[in-house]
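*Asks:* Everything below, folded, please.
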Amino acid sequence: MVGKTFFVVWSRSALLTVVGGLCWPDEAEGKTPPPPPPAPVSGWSNAAGGDWTVPTNWAKGTIPNSQDVITTIGSNASASGTFTVTTSGGLNNIQVLELVARNDQTVTLTLSNPLNLTRLLLGGQSVSASNVLNLLTGNNGTGDVTISDTGNVGLSTGIGQNRLNLAGGSMTVTPAQGVTLGTAASGASTTIVTQTAGTFTSVGAVLLGSASNEDAGARTEWTISGGTINANAQSASSLVVGRGAQRATLNVGGDALVNVAGRLSVSGVPSPESVPATVIDQSMNVNGGAVTAGEILIGQSGIAGANRNSHFSLSGGTVRAVGDGSASNTSGSFVANAGDDTTGAARNISIYFTRGTLEARSFDVDLTGTNRMAVGDGLNGPAVLKFINTASASSAFVDGLHVRSDGILATSPFTHQITSTINDVLIDGGLRIGDADFNAAGVLTSGIGSLEINGPGLTFTSNAVLTIDIASLVSFDRMDALGANRLLSFGGTVFLNIQDGVTLNEGDSFQVFGSDWAGRTGTFSSITGGGLSWGFDAAIGTFVVVPEPATAALFIGGLAFFTIFCRRPRRSPRPVAGG
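*Replies:* Presented below is the predicted three-dimensional model:
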């Protein structure tokens, strides 16, 4: 009977093979096929922790390999408390790695050897569970992790208190679905990434925060003080800080580098959820290093709810929007425009720029208030705002622009228009036309530029320092007004930078301020440049070379001496003694 059964099954299998597998034998007989076998799982079993490369530390008695669909550390360990898994030798390639702590566990995996896998998940069984992954350079090598799934998010975090510490090595996430840090599950789950060294690279989008978890205690935070982040997706979500519902923060300092191919967004994408009852904060804080992106967006229109705050703080280092528009999401613009959301309620955007350099091809800033955007704070500078456009461009500072005493506004050697609605452009610090490429030592790579003011006016205070480049009698920096009733107020000092090879003579004049200003008041307290003496005609906005004071004094003195000599009375000749 057994032999007969074997023969029948073999025969039907052969037949099915010939006809292309029309049905399974059990299906042909009306039976439900058995479920597929469970995915092979390699689970950690040593509750005291230990070395990855010791077979007896694993439930199967073998080291995980590519045949194991899922490798778990945490849920299969029986004891509670804290345990750490380390590596001391070469690791096999694996598929999915999950750090899944129990409710009362803290699970730590420290990698100092390369590991290749398809997906990585950090997420416990409750918000009290803790999962920690450390990447570092140790005595046994470098903790280089490569994630290469083609159909799923490569790196994600779930429920619990999840930490990723990058202290060496590299993590490369190649799936186009990219990285999602922050869980959609309710509860005060957190994801904290601390990077002091090494390189993190994602081919797909990097999303910080959840689009639906509105719990007041939930947050996602990435702090980088060394090493590099490469967000290589050239998309609207290359690097997203905050996704509409959850608190999210990106902190950059030290000598860290953050490179974003497309858009860097601090505010996230529209949330499908209802208006949250709690205030949701999303922020980027830079106090060192360099952040470079195709374009930068602070605040996101289209997100429902007024309780969403987007913050940008620059107190050191450099933030640059340098896209050239050759691809999508590379406009080179810096946008911080609160506007109105889909419910008609204004959202809150704040910019704190006290030190460092902020540069973009264009700016669009609307803080929905009455205060100008400030460059510097008068205490901690220098703070430098640069226009780095390579063709004519325009920027909007709806509330006005205030360059404080420790701030500098530098424009590129092209025409740049500033539009403001509520307040004027107030220069209480430095203004350098055409000198956006000057370095921290003050060495200029000068060019000839033009600044056009389309707003209430332009005001120079007594602290202002204006730098004007002169390349010839017809080529020099200019400032013009667009529209009617634009007011101009002079003050402070002026340095006229005479470029090499330029010779000027007395009487040479330069109308830096155009004729379209509706009103002009004040004057400059000091004008220097080229070792020459300068005069300024405020009525027409013109600088003119005047005679040197010493030369004029000498001339006047000589003229007075000549006059006195000419008026000296002639003495009568003495009589000659006679004999």
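
*Asks:* Spit out the contact partners of the closest residue to Ala464 other than its chain neighbours.
*Replies:* Excluding the flanking residues, the one nearest Ala464 by CB to CB, 6 or more residues apart in numbering is Gly492, at 3.1 Å. Heads up, the C-betas are built off the backbone N, CA and C, glycines and all. By CB atoms under 8 Å, 6 or more residues apart in numbering, Gly492 lies in contact with Ile427, Phe460, Thr461, Ser462, Asn463, Ala464, Val465, Leu466, Phe524, Ser525.

*Asks:* so how far is Met284 from Asn348?
*Replies:* 15 Å (CB to CB, to the nearest Å).

*Asks:* Who has more neighbours out of those two?
*Replies:* For the pair Asn348 and Met284, the greater number of neighbours falls to Met284 (27 against 17), based on other CB atoms under 10 Å.

*Asks:* Pretty sure that one sits against Val266.
*Replies:* Yes - counting by CB atoms under 8 Å, Met284 does reach Val266; the two are 4.7 Å apart.

*Asks:* where do the contact lists of the two overlap?
*Replies:* The contact sets of Met284 and Val266 overlap at Val241, Leu250, Ile298, His311, Phe312 (CB under 8 Å, 6+ apart).

*Asks:* What confidence value was assigned to the residue nearest to Ala464?
*Replies:* The per-residue pLDDT reported for Gly492 equals 97.

*Asks:* ditto for Gly143
*Replies:* 71.

*Asks:* Please apply the same query to Pro413.
*Replies:* 88.

*Asks:* how deep is the closest residue to it other than its chain neighbours tucked in, by neighbour count?
*Replies:* Distances taken as CB to CB, 6+ apart place Gly447 nearest to Pro413, at 2.5 Å, with adjacent residues excluded. Residues near Gly447, counting by other CB under 10 Å, number 18.

*Asks:* For Gly447, give me its contacts.
*Replies:* Counted by CB under 8 Å, 6+ apart, Gly447 has contacts Ser412, Pro413, Gly434, Asp435, Asp437, Asp469.

*Asks:* and the gap between Ser210 and Thr157?
*Replies:* Look at Ser210 and Thr157: by CB to CB, they are 10 Å apart.

*Asks:* anything in contact with each of these two?
*Replies:* Gly182, Thr183, Thr220.

*Asks:* wait, isn't the second one in contact with Gln161?
*Replies:* No - contact criterion CB under 8 Å: Thr183 and Gln161 do not qualify, at 11.2 Å.

*Asks:* So for these two, which sits in the more crowded spot?
*Replies:* Thr183 (27 against 21).

*Asks:* could you list every residue that touches that one?
*Replies:* Contacts of Thr183 (CB under 8 Å, 6+ apart): Gly123, Thr157, Gly158, Ile159, Ser189, Thr191, Ser210, Asn213, Ala218.

*Asks:* Mind giving me the PyMOL command for buried ones among the residues you listed?
*Replies:* Those of the contacts of Thr183 that count as buried under 16 or more other CB atoms under 10 Å are selected in PyMOL with:
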select buried, resi 123+157+158+159+189+191+210+213+218
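
*Asks:* nearest to Thr174, of the contacts of Thr183?
*Replies:* Thr157 (18.5 Å; CB to CB).

*Asks:* List the beta-bridge partners for the closest one.
*Replies:* Beta-bridge partners for Thr157, by DSSP bridges, are Leu122.

*Asks:* Provide a list of residues in contact with it.
*Replies:* Counting by CB under 8 Å, 6+ apart, Thr157 has contacts Leu121, Leu122, Gly123, Thr180, Leu181, Gly182, Thr183, Ser189, Thr191, Thr220.

*Asks:* The longest strand along the chain - what's its average pLDDT?
*Replies:* Longest strand of the chain, by residue count under DSSP state E: strand 280-298. Averaged across strand 280-298, pLDDT comes to 93.

*Asks:* Quickly run through the sheet partners of it, with directions.
*Replies:* strand 247-252 (parallel), strand 257-266 (parallel), strand 308-321 (parallel), strand 333-337 (parallel).

*Asks:* In stretch 470-477, which residues are buried?
*Replies:* In stretch 470-477, counting by 16+ other CB under 10 Å, buried: Ile470, Ala471, Phe476, Asp477.

*Asks:* Sorry, slip of the keys, the one I care about is stretch 55-68.
*Replies:* Buried-residue list, stretch 55-68, by 16+ other CB under 10 Å: Asn57, Trp58, Ile63, Pro64, Asp68.

*Asks:* Now do it: distance to the chain's middle.
*Replies:* 43 Å (CA atoms, centre = their mean, to the nearest Å).

*Asks:* and that stretch, how far apart are its ends?
*Replies:* The first and final residues of stretch 55-68 sit 14 Å from each other (CA to CA, to the nearest Å).
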